[in-house]
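Enquirer: Could you work out the structure for the sequence below:
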Amino acid sequence: MSSRTKRLLAALVVAAGVIVLLRQEFPDPASMLTAWRTAGTWWLAVALLAATASQIAFAQQQRALLFAFGARLRRREAVALTYSRSALSMVLPAGAVVSAAYAYRHYRRYGATSAAAATVTVLSGAVSVAALSLLYAVGALFTGLWWASALLVVTLVAAVALLRRANAPKIKFRSAFLTRIAAGASEAIISARGVRTKSWLTTLSYAIVNWALDLACLLAVAAAFHVTVGVEKIAWAYLTAQIVRQIPVTPGGIGLIEAGLLAGLVTAGAPGTAAVAVVLGYRLLSFWLLLPAGLAGHLLLSTRCVTWVTSDADRDDTCSSLSGGTPSKSR
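Expert: Predicted coordinates for the structure are as follows:
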């Protein structure tokens with residue numbers, strides 16, 4: 001059975017589970033309309049601002065990593081790139097791979113070397129997962145789970161060990177695909193050793209802020225629909241759902257996020273109508289609205305003049321289109 005078939009079967013299982021869960025908890029249309037009519041408009045506005053700020057933080061995360069490798073990306077282009085690659089990762093079956101390739105192409109456009117672009121593409125995703133894991137571990141500490149501190153220590157020790165063993169002999173696999181992956185990971189780790197501690201802390205800080213603002217979006221939506229089960233319970237449901245989402249089963253975590261959040265909110269004591277309204281509202285702001293924003297970002301990147309900066313005395317502006325062809329010079 002191919003990996004694609006396995007992912008398809010896993011997606012069908014997830015979809016079936018979501019349908020069963022929604023069938024049990026989904027309220028009647030009249031109750032849903034009442035929930036939306038009585039929702040706090042100001043809280044929804046706060047949620048939208050938090051969702052937007054989360055994307056900006058992710059853009060800053062990419063800028064910080066690129067800067068550490070000697071490339072500069074302006075804030076406007078970074079935000080446009082963030083929305084574009086987020087939209088790609090959410091709608092395509094192999095969204096994560098396509099999003100990474102899209103980011104790599106634009107990193108090269110903005111002056112990063114081939115090695116730097118590849119390394120930043122890998123490390124940006126790794127830093128995001130590390131930041132989410134740290135938040136999950138901290139959240140577990142507040143809930144009294146003893147293994148949280150152990151998880152945090154193991155994560156840090158493993159990261160340091162990987163960096164220290166970067167010069168170890170390359171591992172050979174029977175599979176050529178696994179060998180290429182191992183070689184790419186080894187090169188990324190070796191390149192990462194040259195990044196200053198300050199740059200790592202800056203990048204990790206932006207990654208943590210990204211996840212925290214996304215959580216703030218969910219909390220604001222919960223406040224808008226008058227869900228008062230406790231911030232810690234909502235946060236725990238969010239972190240658990242996001243951890244599960246890292247498994248590439250469905251594009252953008254469709255089904256996984258909805259099922260995880262709905263189960264977490266209902267288990268925490270939220271009424272079925274309010275729980276469904278919160279999940280739908282959060283996904284509208286953090287998922288569906290990103291799609292048109294991603295298209296707008298792609299169009300912006302396709303027509304903008306690119307500034308290649310290798311030093312303060314060497315600047316070259318080019319305009320290029322993603323539709324193909326050689327970039328044309330402009331002064």
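
Enquirer: Would you mind measuring from the residue nearest to residue 142 when sequence neighbours are not counted to residue 288?
Expert: Leaving aside its sequence neighbours, residue 142 sits nearest to residue 232 (CB to CB, 6 or more residues apart in numbering; 6.3 Å). C-beta here means a position set from N, CA and C on the backbone, and glycine is covered the same way. Per CB to CB, to the nearest Å, residue 232 is found 28 Å from residue 288.

Enquirer: Help me confirm that residue 285 comes into contact with residue 49.
Expert: No. The pair residue 285 / residue 49 is not scored as a contact, 9.8 Å apart, by CB atoms under 8 Å.

Enquirer: Among the two, which residue is more densely surrounded?
Expert: residue 285 (23 against 15; other CB atoms under 10 Å).

Enquirer: which residues touch the more buried one?
Expert: Residue 285 makes contacts with 44, 47-48, 51, 217, 221, as judged by CB atoms under 8 Å, 6 or more residues apart in numbering.

Enquirer: if I pick the residue lying closest to residue 128 once chain neighbours are set aside, what's in contact with it?
Expert: Among residues not flanking residue 128 along the chain, residue 207 sits closest, at 5.2 Å (CB to CB, 6+ apart). Residues in contact with residue 207 (CB under 8 Å, 6+ apart) are 57-58, 61, 127-128, 130-131.

Enquirer: do the same with residue 204
Expert: With CB under 8 Å, 6+ apart as the criterion, the residues that contact residue 204 are 127, 130-131.

Enquirer: Cross those against strands and list the overlap.
Expert: Using DSSP state E, no member of these sits in strands.

Enquirer: want to try JSON lines for those, with distance to residue 71 and pLDDT as columns?
Expert: Shown next, in JSON lines, are the contacts of residue 204 (distance: CB to CB, whole Å; pLDDT from 0 to 100):
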{"residue": "127", "distance to residue 71": "16", "pLDDT": "88"}
{"residue": "130", "distance to residue 71": "22", "pLDDT": "85"}
{"residue": "131", "distance to residue 71": "22", "pLDDT": "89"}
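
Enquirer: Can you tell me which of those is closest to residue 72?
Expert: Of all those, residue 72 sits closest to residue 127, with 18.9 Å by CB to CB.

Enquirer: For the closest one, which residues are in contact?
Expert: 61, 65, 203-204, 207.

Enquirer: Also residue 53?
Expert: Counted by CB under 8 Å, 6+ apart, residue 53 has contacts residue 213.

Enquirer: Residue 79 and residue 61 touch, don't they?
Expert: No. With contact defined as CB under 8 Å, residue 79 does not count as touching residue 61 (11.6 Å).

Enquirer: Those two: who's more crowded?
Expert: Each of residue 79 and residue 61 has its neighbours counted (other CB under 10 Å); residue 61 has more, 25 against 22.

Enquirer: for the stretch 151-300 of the chain, what spans make up the strands?
Expert: Along the stretch 151-300 of the chain, counting by DSSP state E, counting those that start in this stretch, no stretch forms strands.

Enquirer: where does it dip in pLDDT?
Expert: Applying pLDDT under 70 to the stretch 151-300 of the chain picks out residues 152-153, 156, 159-193, 248-253, 255.

Enquirer: ranges for the helices of it?
Expert: With DSSP state H, counting those that start in this stretch, the ranges of helices along the stretch 151-300 of the chain come out as 176-192, 197-224, 231-245, 256-268, 272-283, 290-303.
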